[in-house]
Every structure is written in C-alpha cells, then in structure tokens.
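# Using only what follows, build the 3D model:
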Amino acid sequence: MSKSIPRTFITYVEDRPGVLNRVVSLFRRRGYNIESLTVGRSAREDVSRITLVLHADEDMARRIQANLYKLVNVLYVADVTTSAAVCREMALIRVKATNGKRAEVLQLCEVFRARVVDVAPESLCLEITGTQDKIDSLVEVLRPVGILEMVRTGAVAMLRGTEADQAGATAPDRHIEHHIVAA
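Next up, the predicted model:
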C-alpha cells in the first residue's frame, strides 16, 4: 500500500458560474479534505486555473484525476507532485511592533526575505512569498513577538522550464482547444 502524501493538482476549467462548486463538491462527496485551494485566471480569458493540494496515495491520486475529468467543465488535470515544479504561497502577517520589538521584526523580515507593506504605530504588516515550510518557519519565530492577524493564500504551482518543455509546455492549451472545439 502506498503512502499518503501531499499531492498537488493543476486543473484548468471553463470560467463559468458553478464550476468551482462542482469541483469542491466532488471532493466533499468522496470525503477528501482539501488542504489548499487556489483559483485564478489563466493565460486564456475563458479558462480558470485551479491548484489543489490534498493528502492522497498513488491510487487515490489516480482516482481523483479520473473523477475530475468526469466533470463537464474540467478541461485538463495534472498531478505535479513528483514533477519538477515551482510551488509557492503568499501570506500577510500583522505583528505587534512597538519600539522595543520593531528592530527584531525587521531583522526577521530580512532573514526570511519578507517585506513590510504597512507600518502603524503599534504594528507592522509583512508580506512573504515562498514554500509552505518557509512561511510556517516565519510564523513560528513571529509567535513570541505577537501575531495580531494573518491570512495565507493557497499554493500555486507551475512546472519548471525543463519539465514543462519535456511535457510539452502547450499540452494544456492543446487539450483545452480540443475540448472547447469539441463542445
């Protein structure tokens, strides 16, 4: 039996009302817990891109991919878990930063390559982009300072250049074109 690990799926869907609800309902009905869900525009005006992260073993990952393809508005699905991919999240973190702690927070920003995006008399708002581990690490070192508020995006992923070239960087576009023309 293969081990359940975090799996990252890139899914292209038609940009229509209700599509995201159908995708999420598929996971709800099957009892899968989505750890991260990010939806946004793709390079095509009529197509959205969904990045999903959830724990699954090999067999479950294949079933998820097959079930996603059964949904009418799904155009392309790729499990990029074992591929060379760039995967990033972004977080905004508001921390207490009175005069005594402000220098410490600014030093931590430098170490983690975070940016200060808002300054207030009693707090700083930081922006960080990176892997989940990098953001988790910054959060842990900021806890003693005092996190007042935090919001994180879900993961977004893209195949790295060489991997994308070998897979045929236009594979999603070719598949999408075929699907849209066929419909």
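
# center of this structure - which residue?
Centroid-nearest residue in the chain: Ala155, 1.5 Å away (criterion: Cα atoms, centre = their mean).

# Name the nearest residue to it, ignoring sequence neighbours.
Ser36 (4.7 Å; Cβ to Cβ, 6 or more residues apart in numbering). Every residue, glycine included, has its C-beta placed from N, CA and C.

# Please point out which parts of the helix or strand hosting the one you found sit buried.
Using DSSP states H and E, the element containing Ser36 is strand 34-41. Residues Ser36, Leu37, Thr38, Val39 are the ones in strand 34-41 that count as buried (16 or more other Cβ atoms under 10 Å).

# Same question for stretch 94-105.
Going by neighbour count (16+ other Cβ under 10 Å), the buried part of stretch 94-105 is Arg94, Val95, Lys96, Ala97, Arg102, Val105.

# Ser48 and Val80: what is the separation?
17 Å (Cβ to Cβ, to the nearest Å).

# go on, Leu159?
Distance, Leu159 to Val80, using Cβ to Cβ: 6 Å.

# ok, longest strand in the protein?
Across the chain, the longest stretch assigned as strand under DSSP state E is strand 85-96.

# could you check the angle strand 85-96 makes with the helix or strand just after that one?
Per DSSP H and E, the first helix or strand lying C-terminal to strand 85-96 is helix 99-112. Put simply, helix 99-112 runs at 170 degrees to strand 85-96, going by axes from the mean of the first three to the mean of the last three Cα atoms, to 10 degrees.
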